[in-house]
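Enquirer: Please find the sequence and the predicted model below.
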Amino acid sequence: MENTRCKVLGINASPIKGGNVEHFLNHALREAEKEGGVITEAISLRGLKISDCIQCNWCMTKQTADKPCAINDDALPILKKIRDCDVLILASPVYFLRLSGDMACLIDRSRCFIFGKEKPMALRGKIGVALAVGWSRNGGIETTLQSIEWGFKVHEMWTPSVHHAASFFGTGAISGPKIEKENKLKAMEDKQALRSAGLLVKKAVQTAKSKTFLSD
């Protein structure tokens, strides 16, 4: 990918418009753009119809480049963008110590790229970055990040880690521990999380450009 544009796609699974997850993701995308030669795009799942995978196996025999999945809903154009990006950033709020339902459904639907007729293991070698926003530091951020990372692993994607930032499998920001009417974006005050996100996406872009990860 030397001397070419790196496509970074960020997906926000929060139902809150202009909330902590959206701002945290946008911060990561801005950090990615600092590397130069980067095209970023942010997608929100808010208000979209994302059905779960029904394991009909249609993708195994009838999949095409224009239609990766049989289910006709709002996930279809997003799935194609996932297939065509170089770096995928998935950002989820923490719900009951885990990722949101919308994010879980989207990850489940990406099964079409594992067994798809057009190209099995179509996401292999892409770079994945997990982001999460939770109410407290020990209230489900790591389990949310792990759920997203497990999805990356199933696709044989590569995920960056930054030891000195303590970001071993994505990074999370805290939005608590109390509600303030004058400032609802507490995650953007989490300096450790902002720094870690920047370092992770920087490494992700650099790796995508250098093609040092596992390829076909």
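Expert: The structure has been received and is ready for your questions. Numbering: from 1, shown residues only.

Enquirer: show me where this protein has helices.
Expert: With DSSP state H, the ranges of helices along the chain come out as 20-33, 58-62, 75-84, 101-109, 141-154, 191-210.

Enquirer: Mean neighbour count for these - can I get that in CSV?
Expert: (Each C-beta comes from the backbone N, C-alpha and C, glycine too.) Converted to CSV, those look like this (neighbours: other C-beta atoms under 10 Å):
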stretch, mean neighbour count
helix 20-33, 22
helix 58-62, 15
helix 75-84, 18
helix 101-109, 21
helix 141-154, 20
helix 191-210, 20
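
Enquirer: Could you work out which of these reaches nearest to residue 178?
Expert: Closest approach to residue 178 among these is made by helix 20-33 (13.9 Å; C-beta to C-beta).

Enquirer: which secondary structure elements does the closest one contact?
Expert: In terms of contacts (3 or more C-beta pairs under 8 Å, 6 or more residues apart in numbering; DSSP states H and E), helix 20-33 is packed against strand 6-12, strand 38-44, strand 87-93, strand 127-134, helix 191-210.

Enquirer: what's the closest of the helices of the chain to residue 91?
Expert: Taking C-beta to C-beta, helix 20-33 is the member of these nearest to residue 91, at 4.2 Å.

Enquirer: Next, the angle from that closest one to strand 127-134.
Expert: With axes from the mean of the first three to the mean of the last three C-alpha atoms, to 10 degrees applied, the angle from helix 20-33 to strand 127-134 works out at 150 degrees.

Enquirer: what are the bridge partners for the residue sitting nearest the centre point of the chain, then?
Expert: The residue lying closest to the centre of the chain (C-alpha atoms, centre = their mean) is residue 90, at 1.5 Å. Beta-bridge pairing for residue 90 (DSSP bridges): residue 11, residue 130.

Enquirer: what's near enough to touch it?
Expert: Contact analysis of residue 90 by C-beta atoms under 8 Å, 6 or more residues apart in numbering lists 11, 13, 103, 107, 128, 129, 130, 131, 148, 151.

Enquirer: Can you add mean pLDDT and distance to residue 39 and give the helices of the chain back as JSON lines?
Expert: Listed next are the helices of the chain as JSON lines, based on pLDDT from 0 to 100; distance: least, C-beta to C-beta, whole Å:
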{"stretch": "helix 20-33", "mean pLDDT": "98", "distance to residue 39": "9"}
{"stretch": "helix 58-62", "mean pLDDT": "97", "distance to residue 39": "27"}
{"stretch": "helix 75-84", "mean pLDDT": "97", "distance to residue 39": "11"}
{"stretch": "helix 101-109", "mean pLDDT": "97", "distance to residue 39": "21"}
{"stretch": "helix 141-154", "mean pLDDT": "97", "distance to residue 39": "21"}
{"stretch": "helix 191-210", "mean pLDDT": "95", "distance to residue 39": "11"}
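
Enquirer: and the nearest residue to residue 78 once chain neighbours are set aside, what are its bridge partners?
Expert: Closest residue in space to residue 78, ignoring its immediate chain neighbours: residue 43 at 6.0 Å, by C-beta to C-beta, 6 or more residues apart in numbering. Beta-bridge partners recorded for residue 43 (DSSP bridges): residue 11.
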